[in-house]
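S.K.: for reference, the sequence and a predicted model appear below.
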Amino acid sequence: MKFKIGDRVRVDCPWIRYPRYGWGLVKPRDIGTIVAIREAGMLAVNFPSFDHWLADESELVLCNRVQKPKEEPAP
């Protein structure tokens with residue numbers, strides 16, 4: 001799976017009119033954060049307009065992945 005919990009993703013499915021699990025209050029091109037990864041490529045994403053929106057991973061693109069800062073060695 002290409003996504004991880006905490007990834008910021010954008011709804012990007014121009015080839016279909018309706019996402020597999022429906023739109024709810026989410027709109028095309030909205031950006032949210034993955035909060036759960038379920039079976040068969042199903043992801044739960046929190047958006048400002050809708051929490052735990054369900055999406056098929058094929059309907060999302062990665063916006064950015066937060067990198068943990070590297071720890072500096074102690075002097």
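M.R.: Okay, I see it.

S.K.: please enumerate the strands of this structure.
M.R.: Using DSSP state E, the strands of the chain run over residues 8-11, 31-37, 42-47, 50-56, 60-64.

S.K.: so which of the ones you listed is nearest G22?
M.R.: For the strands of the chain, proximity to G22 was assessed by Cβ to Cβ; strand 50-56 is nearest, at 8.3 Å. (Glycine included, C-beta is placed from N, CA and C.)

S.K.: pretty sure D7 is touching E57, no?
M.R.: No. Shown here, D7 and E57 do not form a contact pair, counting by Cβ atoms under 8 Å, at 10.7 Å.

S.K.: more neighbours: which of these two?
M.R.: Taking D7 and E57 together and counting by other Cβ atoms under 10 Å, D7 has the greater number of neighbours (19 against 16).

S.K.: gap between the spatially closest residue to V9 that is not a sequence neighbour and V45?
M.R.: In this structure, V9 finds its nearest non-sequential neighbour in L60, 4.2 Å apart by Cβ to Cβ, 6 or more residues apart in numbering. Between L60 and V45 the distance is 7 Å, computed by Cβ to Cβ, to the nearest Å.

S.K.: again with Y18
M.R.: As judged by Cβ to Cβ, Y18 and V45 stand 16 Å apart.

S.K.: in its sheet, what does the helix or strand bottoming out on mean pLDDT in the chain sit against?
M.R.: Lowest on mean pLDDT, DSSP states H and E among the helices and strands of the chain sits strand 60-64, with a mean of 89. With DSSP bridges as the test, strand 60-64 is paired with strand 8-11 (antiparallel).

S.K.: keeping just the C-alphas, turn the strand it pairs with into CSV.
M.R.: The C-alpha trace of strand 8-11 is given here as CSV (Å, rounded to 0.1, in the frame of the first residue of the first chain):
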residue,chain,number,x,y,z
ARG,A,8,-2.0,14.2,3.6
VAL,A,9,-4.0,13.3,0.5
ARG,A,10,-6.1,15.0,-2.1
VAL,A,11,-9.3,13.6,-3.6
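
S.K.: where does pLDDT dip in this structure?
M.R.: Low-confidence segments of the chain, defined by pLDDT under 70: 1, 16, 65-75.
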